[in-house]
Structure formats: structure tokens, C-alpha cells
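1. Starting from these lines, generate the structure:
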Amino acid sequence: MMARQGAALRYAIVGAGMAGILAAIKLRQNGEDFTVFEKADRIGGTWRENRYPGLTCDVPAHAYTYSFEPYPEWQAFYATGGEIQTYFEAVVAKYGIGPAIRFGAEVTALDWNEATAQWTVMLAGGEREAFDVVMPRRACCIIRAFPPCRGSTALPDRPFTRRSGLTTHPSMGPGSG
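-> Modelled structure (predicted):
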């Protein structure tokens with residue numbers, strides 16, 4: 001393996017949810033070169049994707065903030081998904097990381113090149129870019145998965161039906177929490 005000597009590292013962050021935003025802020029504070037790849041058209045991760053009525057966090061709101069960016073104005077002990085989304089949008093604006101986020105940039109593959117000691121990040125549109133460090137920050141709560149159930153028919157990205165009615169994924173709800 002041939003590591004680049006003396007060159008600044010380039011970081012790729014996959015996902016602009018809570019963990020991706022935190023990584024971007026800390027890298028910015030340390031003067032690092034980074035790009036955040038976000039598949040959607042706005043930040044938020046789980047709180048952007050899940051839209052079912054009554055969506056709230058199962059962690060007390062005061063504990064579901066960054067330690068360096070408290071938010072004492074939460075409307076309830078357990079914040080709604082919409083309020084959490086608003087908090088993250090405000091944090092991104094305050095720390096100026098928005099310009100480093102590439103929206104509509106879905107990472108489809110990562111390839112390690114032993115000779116250059118770099119990762120190639122491949123996007124859905126065919127674009128490829130090299131980075132020294134890749135930080136996958138994709139949450140498990142936004143991957144739609146429908147387990148097979150007796151008497152059901154599952155279709156990709158669609159609710160499946162059972163004899164007793166319709167079942168959907170939390171990210172397929174009609175509105176935000």
C-alpha cells in the first residue's frame with residue numbers, strides 16, 4: 001500500500017442525517033476537506049424519511065441534541081419528527097456545512113484501491129470520485145424492508161397486503177410527525 005505523504009486527507013460522508021451532520025461539523029471545525037453525499041434533496045435522514053402521523057423520538061428531546069448545540073425550546077419531552085428535522089436544518093445552517101452537501105447524490109458502491117490507498121465513491125449517475133476516508137452514516141431506520149408474511153404479496157417500495165389489511169413502512173406515511 002502506498003499512502004500519500006504530506007497531503008491532506010479527503011473525507012466522504014455518506015448520508016446527511018444526525019450522524020453525517022455531526023461528522024461534517026467536526027471535520028469542518030478541524031479544517032478538513034470533506035464532501036457529504038446525500039441521496040435525497042434535503043438533510044434529515046430518518047426524520048426526513050419517516051412521515052407517519054404522530055412520529056416522535058423515543059429519546060427525551062433534551063438528550064437528542066448535539067452536546068455543543070443544546071436546544072432548550074423543545075415543545076415536548078419527546079420531540080416530534082418535524083421538530084427534530086427543523087433542529088437539524090438549523091444546525092446545518094448555523095455551522096455552514098450546507099455547501100459541502102451534494103444532494104441527489106446516491107452512493108451505490110465503494111471500491112478500495114490498494115495501490116493509491118484511496119476509496120472510489122461511485123454514484124447512481126455513474127460519477128466516480130476518490131477519497132482517503134469514507135464515513136458511511138446511513139441509518140437502519142430508513143431502509144425499506146418488507147419481511148415475507150404468509151398470505152402476503154410484497155413489492156419493492158410498496159406496502160404489502162395481508163388478509164387482515166394493509167401494512168406499510170414508516171417512511172410511507174401521509175405526513176410528518
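2. Need the single longest helix in the chain, by residues.
-> Counting by DSSP state H, the longest helix found in the chain is helix 81-94.
3. What helices and strands are in contact with the next helix or strand after it?
-> For helix 81-94, the following helix or strand on the C-terminal side (DSSP states H and E) is strand 101-103. If you count contacts as 3 or more CB pairs under 8 Å, 6 or more residues apart in numbering; DSSP states H and E, strand 101-103 packs onto strand 33-38. (Each C-beta comes from the backbone N, C-alpha and C, glycine too.)
4. 10 Å - rerun?
-> Counting by 3 or more CB pairs under 10 Å, 6 or more residues apart in numbering; DSSP states H and E, the packing neighbours recorded for strand 101-103 are helix 18-29, strand 33-38.
5. What residues sit buried inside the first one?
-> Of the residues in helix 18-29, those scored as buried under the neighbour-count criterion (16 or more other CB atoms under 10 Å) are 18-25, 27.
6. Just the residues contacting stretch 69-85, thanks.
-> 18, 22, 25, 42-52, 54-62, 64-65, 86-88, 90-91, 94-95, 170, 173, 175-177 (CB atoms under 10 Å, 6 or more residues apart in numbering).
7. swap the cut-off to 7 Å and go again
-> 44, 47-48, 50, 55-58, 60-62, 64-65, 87, 91, 176-177 (CB atoms under 7 Å, 6 or more residues apart in numbering).
8. how long is it end to end?
-> End-to-end distance of stretch 69-85 (CA to CA, to the nearest Å): 14 Å.
9. Buried residues of it, list them for me.
-> By 16+ other CB under 10 Å, the buried positions in stretch 69-85 come out as 71, 74, 79-85.
10. next one: it to chain centre, how far?
-> Stretch 69-85 has its C-alpha centroid displaced from the chain centroid by 18 Å (CA atoms, centre = their mean, to the nearest Å).
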